[in-house]
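Student: structure, please.
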Amino acid sequence: MGINAVKQRRKEKMIIDFHVHAFNPKIAEKAITVLAQRCGITPYTRGLVEQTVECMDKWGVDKSVLLSIATKPGQQTVINDWAQQQEGDRFIPFGSVHPDAQDAVEEVFRIKQRGLHGIKLHPDYQDFMVDDPKVDPVLDAAKQADLPVIFHSGFDVLSPDLIHCMAGPALKMIKRHKGLKIILAHLGCNDHWQDVYDILAGVDGEVYFDTAFTSWRCPDDIMTKIIRKHGADRILFGSDMPWDRPDRIRDKILGLRISDDDKEKILGINAQRLLGL
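Tutor: As a prediction, the model looks like this:
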């Protein structure tokens, strides 16, 4: 399936980017500047939703899952209130919970009441190991509320020497929370994809991997192996915009040696099913 075929396909089916970041305009410039300096990458937006929509239009994305992160316990309510305001034709906003917040479990149910579509957790920025039992009450509440949970997984420049979500511990967490809808970003474990293939790919349950930030980091052959072993039904197209371009990830997926049906599942059908769109 080439680019022209994608354009034709879009007349009938959505392309959904499952991994996009933008910020409240009050903090967007500061946040994007700090993150860009930290990771040494020039972003494609300055973190504003209007710029993100412009990029979506430019690069052929119909809807984006908007991911926010509460990096401090006191941020979760403000972040989730802002996320709720982004609901609309283009964005599918997730909320965030900080596991150290005294009202973390209650916030899960408030996220559900707000009409947000899931929860984003970032073990590195929120300082927990992915299999830490202290997170279990939040995950149990998410399962009860029928909210999918997306984790940053694998390498992050914030904590290069201590990776908070590796494949082995992630598997322990998954087995403790059977029935929870889990998305492990960055194809299961950023920069550790052989471990994903050996340990995580094919695990039972509603366990998904997204493709965020893999356009130039993950070799095509290992991505193909992971998709075939895990099943294309549980792979979600994601870019990590503004840190990578969705058209690059899309073209990478289109170039893989998998079926056209599997490519269409990854580009949007799986996200529609998971989110009930």
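Student: in contact with residue 231, which residues?
Tutor: residue 202 (C-beta atoms under 8 Å, 6 or more residues apart in numbering). C-beta here means a position set from N, CA and C on the backbone, and glycine is covered the same way.
Student: got it, and residue 145?
Tutor: Contacts of residue 145 by C-beta under 8 Å, 6+ apart are 108-109, 111-112.
Student: can you do 6 Å?
Tutor: Residue 145 makes contact with 108-109, 112 under the criterion C-beta atoms under 6 Å, 6 or more residues apart in numbering.
Student: quick check: closest non-adjacent residue to it.
Tutor: Leaving aside its sequence neighbours, residue 145 sits nearest to residue 112 (C-beta to C-beta, 6 or more residues apart in numbering; 4.2 Å).
Student: before we move on, what about residue 13?
Tutor: residue 268 (5.7 Å).
Student: between the contacts of residue 145, which has the most around it?
Tutor: residue 108 (25 neighbours; other C-beta atoms under 10 Å).
Student: doesn't that one belong to a helix?
Tutor: Yes - assessed with DSSP: H, G, I helix; E, B strand; the rest coil, residue 108 lies in a helix.
Student: could I get the contacts of residue 145 as TSV with pLDDT?
Tutor: Formatted as TSV, the contacts of residue 145 follow (pLDDT from 0 to 100):
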residue	pLDDT
108	98
109	98
112	98
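Student: ok, of the residues you listed, which one's closest to residue 41?
Tutor: Distance to residue 41, by C-beta to C-beta, is smallest for residue 108 among these, at 31.7 Å.
Student: how far away is the closest residue to residue 155 other than its chain neighbours from residue 57?
Tutor: Leaving aside its chain neighbours, residue 155 sits nearest to residue 191 (4.2 Å; criterion: C-beta to C-beta, 6+ apart). Distance, residue 191 to residue 57, by C-beta to C-beta, to the nearest Å: 31 Å.
Student: more neighbours: the two, which one.
Tutor: A direct count of neighbours by other C-beta under 10 Å for residue 191 and residue 57 places residue 191 higher, at 17 against 11.
Student: from residue 113, how far off is the more buried one?
Tutor: Look at residue 191 and residue 113: by C-beta to C-beta, they are 37 Å apart.
Student: residue 209 contacts residue 185, doesn't it?
Tutor: No - using C-beta atoms under 6 Å, residue 209 is not in contact with residue 185, being 7.8 Å away.
Student: which is the next helix or strand following the helix or strand bottoming out on mean pLDDT in the chain?
Tutor: Using mean pLDDT, DSSP states H and E, helix 3-9 stands out as the lowest-scoring helix or strand of the chain, at a mean of 53. Sequence order places strand 16-20 as the next helix or strand after helix 3-9, per DSSP states H and E.
Student: quick check: mean pLDDT across that following strand?
Tutor: Across strand 16-20, the average pLDDT comes to 98.
Student: ok, then the element right after that strand?
Tutor: In N-to-C order, the element after strand 16-20 by DSSP H and E is helix 28-39.
Student: which residue ranges of this protein form helices?
Tutor: Ranges of helices in the chain, per DSSP state H, are 3-9, 28-39, 49-59, 76-85, 104-114, 136-144, 167-176, 193-195, 220-230, 246-254, 260-264, 270-275.
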